[in-house]
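Peer 1: What follows is a predicted protein model with its sequence.
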Amino acid sequence: MKIPYCKQLCFAAVALVSAISVHAQEKVLNLYSARHYQTDDQLYSNFTKQTGIKINRIEADDNQLLTRLKTEGKNSPADVILMVDAARLWRAQIDGLFQPVKSSVLNSRIPANLRGKDDGKGAEWFGFSTRARIIVYDKATVKPEDVSTYESLADPKNSGKVCTRSGSHPYMLSMIGAMIERNGEQATEDWAKGVVANFARPPRGGDTDQIKGVASGECRVALANSYYYVRMLRSTKPEDKEAMSKVGFIWPNQKTSGAHINISGGGVAKNAPNRDSAVKFLEYLASDEAQAYFANGNNEWPAVASASVKNPTLDSLGKFKMENISIATIGKNQIAAQKILDRVGYK
Ligand code: FE
């Protein structure tokens, strides 16, 4: 008698355990992220608390993630892909790594110019935070009015003064892509030629290296994303404080097109096994609470206008006029931008 009874009970127990594990399997989200900020931990654990969906994170830089996703193909476990810069989001879109998402929450909260192209099936990616490309200059030797626009960096009066990172970096390709949209290909090529002629040194390093280059006097004027500037301002290292005392910054093109804006954002992976959870996660990222964590983690601005971020250093930069070109268009122009750079020898 004892054995069958136990059998029954055991079968029931096994059935229950497998039901729980099937249920648990549904409540998982595989996140491929090129972001690596500590505040993101809070972001993800809040999502799990609110929804019961556990997040498995794969973190790598944008190029590694793109390669991995392409290699995995249809078998990729990725549900959500987060990347930085419109050029990379556009590249992932062209490579067919996203699927369109129709969400009234995302459409009402994320401005249309910060979303991927929508052919009626929904956008393939959404921007969740914004950054500006600013001009940094040496306060001792440069008059701000001589370097107040991106175009001015090609002016012969700035000969021997200009530093940038590699022209082929996505941040530069996006900026030049926006310039093509504004000024046309020929004017942009003339500009790129002028910048090359004005270089203080051949392009090298990242944006922080350009800021330090200005501080050291090797460069007089440079380009950098706003969050690198804010990060340096917030640094407690004496050498960073010293460097930042020597440089000033400019919101470029305030009398004309506005400062070039880029995004950090993401979308639902093409073959997402947990599509519903993925959409839920993107909608969560557009909430006021998540927006504050997402943007502040990297000293950026939230994409959602109603979200507020407590970041006095970022606030101290003040308000400025933003460029109003669709991020999708900027991404699309990066090939033309690269061709121009190749023709003028902008490495
Ligand atoms: Fe960056």
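Peer 2: Perfect, I can see it now. Numbering: from 1, shown residues only.
Peer 1: hang on, Arg133 is in a strand, isn't it?
Peer 2: Yes. Arg133: assigned to a strand according to DSSP: H, G, I helix; E, B strand; the rest coil.
Peer 1: Verify the stated contact: it with Asn253.
Peer 2: No. If you go by Cβ atoms under 8 Å, Arg133 and Asn253 don't touch, sitting 10.2 Å apart. Every residue, glycine included, has its C-beta placed from N, CA and C.
Peer 1: tell me the domain ranges of the protein?
Peer 2: 27-129+263-310, 130-260+323-344 (automatic domain parsing).
Peer 1: closest one to Leu317 among those domains?
Peer 2: Comparison of the domains of the chain against Leu317 by Cβ to Cβ identifies domain 130-260+323-344 as nearest, at 7.0 Å.
Peer 1: where does the closest one sit relative to the chain's centre, distance-wise?
Peer 2: 17 Å (Cα atoms, centre = their mean, to the nearest Å).
Peer 1: Okay, and the beta partners of Gly266?
Peer 2: According to DSSP bridges, the residues that bridge with Gly266 are Leu82, Phe126.
Peer 1: Begin at 76, not 1, for the rest of this chat.
Peer 2: Sounds good: first residue 76 from here, last item Gly341.
Peer 1: ok, it touching Met158?
Peer 2: Yes. Here Gly341 lies in contact with Met158, judged by Cβ under 8 Å, at a distance of 6.2 Å.
Peer 1: between these two, what contacts are shared?
Peer 2: Shared contacts of Gly341 and Met158, defined by Cβ atoms under 8 Å, 6 or more residues apart in numbering, comprise Leu164.
Peer 1: Which residue is the nearest non-sequential neighbour of Asp315?
Peer 2: Met307 (5.4 Å; Cβ to Cβ, 6 or more residues apart in numbering).
Peer 1: just checking, Leu104 touches Ala353?
Peer 2: Yes. Leu104 lies in contact with Ala353 (Cβ under 8 Å); the separation is 6.4 Å.
Peer 1: which residues do the two both contact?
Peer 2: With Cβ under 8 Å, 6+ apart, Leu104 and Ala353 have common neighbours 154-155.
Peer 1: Next, the distance between the ends of stretch 115-135.
Peer 2: Taking Cα to Cα, to the nearest Å, stretch 115-135 runs 14 Å from one end to the other.
Peer 1: Just send the domains of the chain back as CSV, with distance to Leu392 too.
Peer 2: Putting the domains of the chain into CSV (distance: least, Cβ to Cβ, whole Å) gives the following:
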stretch, distance to Leu392
domain 102-204+338-385, 10
domain 205-335+398-419, 7
